[in-house]
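Visitor: Give me coordinates for this.
(4 chains)
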Number of protein chains: 2
Amino acid sequence: MDNVTPIRVPSHFEREFPGASRSGAEVAANLIRAADALLAEIDRRRRSIADLSPSAFQVLAILEGAGEPLAAHAIAEHLLVSTASTTSLLDTLEKRGLVERTPHPSDRRKTLVHLSDEACDIVDRMLPQVHAAATDAVDGLSEAEREQLIQLLTTIRHSVVELAKQEPPRPKSRRKSSARPKP
Amino acid sequence: MDNVTPIRVPSHFEREFPGASRSGAEVAANLIRAADALLAEIDRRRRSIADLSPSAFQVLAILEGAGEPLAAHAIAEHLLVSTASTTSLLDTLEKRGLVERTPHPSDRRKTLVHLSDEACDIVDRMLPQVHAAATDAVDGLSEAEREQLIQLLTTIRHSVVELAKQEPPRPKSRRKSSARPKP
DNA sequence: TATTGTTATACTCTATAACTATA
DNA sequence: TATAGTTATAGAGTATAACAATA
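Guide: You can find the predicted model right below:
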């Protein structure tokens, strides 16, 4: 009935991919799947409050976190998307009555984006759900294990950030497994 | 120069969100960010080989992993998307010369999807890159730490899978921080 | 000249519904 | 009646390029 076990990689893995680490592949698979499951659960809870896309929620959260109206380009920078994409997101939110755009008082190039009362209400109900999901997700871990996990994940993130600074690397060979099912 | 440190949550967190766990929020944030960084690096490496979307790569990987042509609905089931969406993905791949569709010999409702030689070549160059990313990402961890990490992630995934079976839960209150900047 | 925001256009992924052909 | 696949349509997020208004 309880079928959640570690994702494992077959023993011939390192023969098929010379230079690759089997435990590395297993860590990667388990990391990505765990994060994916958690994100899906968070998204499910957010949707139980309001049917908005993750990006739309993010815009609301950014505005709420700022505690004051922001110019559109500031939102674009937080989201790491283009200003044109942000315009499109804000159009959707404005149509739904969740944000309002007003001219900036001193710089007439800018538009200030405000949260509506309904949007504030959505964020106030959404955040406890999100944090409850995180709280429940780590229910099976001791405080020591949580801290250990944070450290291990940070080590990985550190390595990946370093990799991202380099060239996409040298090609490596692959040795195809000999026996392959045939049509 | 090396600025990757654990993501932390402010100390007033549990006051603002009664019932939520600060360490849970920290674990969640670090988990999601680490997975996101790794996925971005994997995607970057795949794109250095061929400019295809993650879904398109997944179709190729599914077909390669099967070792034989698959019917379209089988691909849809692996991808967890609708058959209509799969048709669209296959259309794109076919236009690029990466897959070919042929009629199923015995069941004339079905279409068999084959990888082209070019697609096989792309997958053969792509997989070593993906596995090298995973290998490099865990470079800083001992084998014992890797195994420990896999266990911790599996515990979390287990909890989340259980949560996903339940109703999206009871609303919880939020206590807004007192001092808020004003426009 | 640089910045801000919008429009126009295009592309991807995804979905549902309606439909055809086949089993 | 059920299954396989396609088409039609729609809506989301995202991007680039061109543009207007303002600094």
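Visitor: Spell out which parts of chain A neighbour DNA strand D.
Guide: Contact residues, chain A versus DNA strand D (C-beta under 7 Å from any atom of the strand): A:53, A:55-56, A:79-82, A:84-85, A:88-89, A:92, A:106-109. Every residue, glycine included, has its C-beta placed from N, CA and C.
Visitor: Identify the farthest-apart pair in those.
Guide: Within these, A:53 and A:106 form the most distant pair, 32.7 Å apart (C-beta to C-beta).
Visitor: and stretch A:29-36, anywhere near chain B?
Guide: Yes. If you take C-beta under 8 Å from any C-beta of the partner chain as the test, stretch A:29-36 does meet chain B, through A:30, A:31, A:32, A:33, A:34, A:35, A:36.
Visitor: what's the distance between the last one and residue B:36?
Guide: Taking C-beta to C-beta, to the nearest Å as the measure, residue A:36 and residue B:36 are separated by 10 Å.
Visitor: before we move on, what about the second one?
Guide: Between residue A:31 and residue B:36 the distance, using C-beta to C-beta, works out to 10 Å.
Visitor: Mind giving me the ChimeraX select for the residues of stretch A:29-36 next to chain B, buried ones only?
Guide: Entered in ChimeraX, the line below selects the buried ones among these, by 16 or more other C-beta atoms under 10 Å in any protein chain shown:
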select /A:30,31,32,33,34,35
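Visitor: Out of the residues of stretch A:29-36 next to chain B, which sit inside helices?
Guide: Of the residues of stretch A:29-36 next to chain B, the ones assigned to helices by DSSP state H are A:30, A:31, A:32, A:33, A:34, A:35, A:36.
Visitor: Can you tell me the element the nearest residue to the first one once chain neighbours are set aside falls in?
Guide: So the one you mean is residue A:30. Excluding its sequence neighbours, the residue lying closest to residue A:30 (C-beta to C-beta, 6 or more residues apart in numbering or on different chains) is residue B:153, at 4.4 Å. Under the criterion of DSSP states H and E, residue B:153 resides in helix B:143-165.
Visitor: Would you mind writing the CA trace of that helix as CSV?
Guide: In CSV, the C-alpha atoms belonging to helix B:143-165 read as follows (Å, rounded to 0.1, in the frame of the first residue of the first chain):
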residue,chain,number,x,y,z
GLU,B,143,29.0,8.1,-0.8
ALA,B,144,27.6,8.0,2.7
GLU,B,145,26.2,11.5,2.4
ARG,B,146,24.6,10.6,-1.0
GLU,B,147,22.9,7.6,0.5
GLN,B,148,21.7,9.6,3.4
LEU,B,149,20.4,12.4,1.2
ILE,B,150,18.5,9.8,-0.9
GLN,B,151,16.9,8.5,2.3
LEU,B,152,15.9,11.9,3.5
LEU,B,153,14.4,12.9,0.2
THR,B,154,12.5,9.6,0.0
THR,B,155,11.0,10.3,3.5
ILE,B,156,9.8,13.7,2.2
ARG,B,157,8.4,12.3,-0.9
HIS,B,158,6.6,9.7,1.1
SER,B,159,5.0,12.4,3.2
VAL,B,160,4.0,14.5,0.3
VAL,B,161,2.4,11.5,-1.5
GLU,B,162,0.3,10.9,1.5
LEU,B,163,-0.7,14.6,1.7
ALA,B,164,-1.7,14.5,-1.9
LYS,B,165,-4.3,11.8,-1.1
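Visitor: show me the contacts for the closest residue to residue A:103 other than its chain neighbours.
Guide: Leaving aside its chain neighbours, residue A:103 sits nearest to residue A:111 (6.6 Å; criterion: C-beta to C-beta, 6+ apart). Neighbouring residues of residue A:111 by C-beta atoms under 8 Å, 6 or more residues apart in numbering or on different chains: A:71, A:72, A:101, A:102, A:103, A:104.
Visitor: Buried among these? Need that as a selection in PyMOL.
Guide: Buried members of the contacts of residue A:111, defined by 16+ other C-beta under 10 Å, are picked up in PyMOL with:
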select buried, chain A and resi 72
